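Student: the sequence and its predicted three-dimensional model are supplied below.
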Amino acid sequence: MTNNQPQHNDHQLSQHVALSTINELPVLKIQNQQASACIAIQGAHLIEYTPTNKANVLFVSNEEPYIKGKAIRGGIPICWPWFGAHETLSDVPAHGFVRDKDWQYEIVSDSLERTDIRFSFTTEGEQAGFAYPARCELLVSIGETLLMSLTTHNTGDKPFEISQALHSYFQCADIQDVRIKGLKNSQFLDQLSDSVYELKKSFKFEQEVDGIVLDRGQPVELKGLGQSTVTLIREGSNSLVLWNPWIEKSKRLSSFDALDYLRMVCVEVTNTSEDSRLVKPGKSHTLFMEIVTEPNA
Ligand SMILES: O=P(O)(O)OC[C@H]1O[C@@H](O)[C@H](O)[C@@H](O)[C@@H]1O
């Protein structure tokens, strides 16, 4: 479904960007010399990133229906202005309110090597669970590497706190081969057992995993994915979320096949828990990540 081949009804917006649709959802298809990609305008949601001569780095379930008003399962959902359950309200969606909304977009530059698209979402404080005027901007830069920069501007006169995520689903050949390196000595807040421990070596997935790593914002490496090693470089983030639903939860998840847990791993660049950020009036905060892929030796 996320195949990037031109369709007869695609509308070319610039040299390397075309407007297309997947089922109900308008998408931007990017194809330059260094990579191809696909971004749904709903949620500013990247659903494919394929560096030239490499495999698609991202996972989206084949069960995904791509319908209006429903967050896509896979790719890189933008969770904003809260991550996970809302702190005080139980009747608002998990992971904030921008995943199922249309964003504005603008192609800011488009060259053979790199295509930059800026998405924006503005709230005047009318959204349930977030009573503050704010503008959220996501710069997506498609080239030899993938850059994503999520900036929150406080446009009101009161400070507010945000938690957020670039909730990346990476494709893997077999979850049991995946290792996350670079987390040694970081704190792991295990959300399933409600315990905290220090990570000693590279992280493996052998059962359901749902937890927050509190760290120093250092680069981390995803090994054993299959064709490529992925390095995640971050700025403005001292936390990561690791998630795999494993066997039983996979059977209950929407837009997900029971065996999809074998083919995906979520390593999410976040500001959450103690790493939530205060944004003062007139100020902004940027959460940045770069995804670098290298073929396995
Ligand atoms: O089903 P959703 O809302 O997309 O969330 C998926 C998962 O996202 C992860 O980031 C959370 O840590 C999990 O607890 C959650 O189940």
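Tutor: Yep, it's here.
Student: and residue 262, its phi and psi?
Tutor: phi -70, psi -20 (degrees, to the nearest 10).
Student: what sits up against the strand ranked longest in the chain?
Tutor: The residue-count maximum for a strand in the chain (DSSP state E) belongs to strand 284-295. For strand 284-295, contacts defined as C-beta atoms under 8 Å, 6 or more residues apart in numbering pick out 49, 51, 54, 57, 145-154, 162, 164, 166, 168, 227-237, 269-271, 277, 279. The way it works is simple: take the backbone N, C-alpha and C, and place the C-beta from them, glycine included.
Student: in helices, which of those residues appear?
Tutor: Per DSSP state H, helices hold no members of these.
Student: flag every residue of this protein that's near the ligand.
Tutor: With C-beta under 6 Å from any ligand atom as the criterion, the chain comes near the ligand at residues 94-95, 167, 210, 241, 243, 266, 268.
Student: can you say which of those are buried?
Tutor: Among those, those classed as buried by 16 or more other C-beta atoms under 10 Å are 95, 167, 210, 241, 243, 266, 268.
Student: give me the nearest residue to the first one, chain neighbours excluded.
Tutor: Counting by C-beta to C-beta, 6 or more residues apart in numbering, the nearest residue to residue 95 once its immediate chain neighbours are dropped is residue 79, at 3.8 Å.
Student: three-state assignment of the one you found?
Tutor: Classification of residue 79 using DSSP: H, G, I helix; E, B strand; the rest coil returns strand.
Student: ok, residue 282 next?
Tutor: When classified by three-state DSSP, residue 282 comes out as coil.
Student: let the chain start at 53 from now.
Tutor: Okay, using 53 as the starting number, the last item reads as residue 334.
Student: shaky segments in the protein?
Tutor: 53-55, 349 (pLDDT under 70).
Student: residue ranges of the helices in it, please?
Tutor: 298-304.
Student: count of residues packed around the closest residue to residue 188 other than its chain neighbours?
Tutor: Counting by C-beta to C-beta, 6+ apart, the nearest residue to residue 188 once its immediate chain neighbours are dropped is residue 173, at 4.7 Å. Using other C-beta atoms under 10 Å, residue 173 has 20 other residues around it.
Student: ok, now which ones touch residue 173?
Tutor: 96, 132, 150, 153, 155-156, 187-188.
Student: quick check: the two most widely separated of those?
Tutor: Among those, the pair separated by the greatest distance (C-beta to C-beta) is 132 and 156, at 14.8 Å.
Student: the two: who's more crowded?
Tutor: residue 132 (28 against 12).
Student: tell me the contacts of the more buried one?
Tutor: Applying C-beta under 8 Å, 6+ apart to residue 132 gives the contacts 148, 150, 173, 188, 202, 204, 214, 216.
Student: of those residues, just say which sits nearest to residue 118.
Tutor: Once C-beta to C-beta is applied, the member of the contacts of residue 132 that ends up nearest residue 118 is residue 150, at 17.2 Å.
Student: that closest one reaches residue 97, doesn't it?
Tutor: No: if you go by C-beta atoms under 8 Å, residue 150 and residue 97 don't touch, sitting 9.5 Å apart.
Student: what touches both of those two?
Tutor: Jointly contacting residue 150 and residue 97 under the rule C-beta under 8 Å, 6+ apart are residue 130.
Student: return the set of buried residues in stretch 237-253.
Tutor: In stretch 237-253, counting by 16+ other C-beta under 10 Å, buried: 238-241, 243, 251.
Student: spatially nearest residue to residue 295, not counting backbone neighbours?
Tutor: Counting by C-beta to C-beta, 6+ apart, the residue nearest residue 295 is residue 318, at 3.9 Å.
Student: ok, now which ones touch that neighbour?
Tutor: Counted by C-beta under 8 Å, 6+ apart, residue 318 has contacts 219-222, 293-296.
Student: next step: those residues restricted to strands.
Tutor: Using DSSP E, the contacts of residue 318 in strands are 221-222, 293-296.
Student: so residue 85 touches residue 67, yeah?
Tutor: No: applying C-beta under 8 Å, one finds residue 85 not in contact with residue 67, separated by 10.8 Å.
Student: neighbours around residue 257, how many?
Tutor: 22.
Student: ok, residue 88 next?
Tutor: 19.
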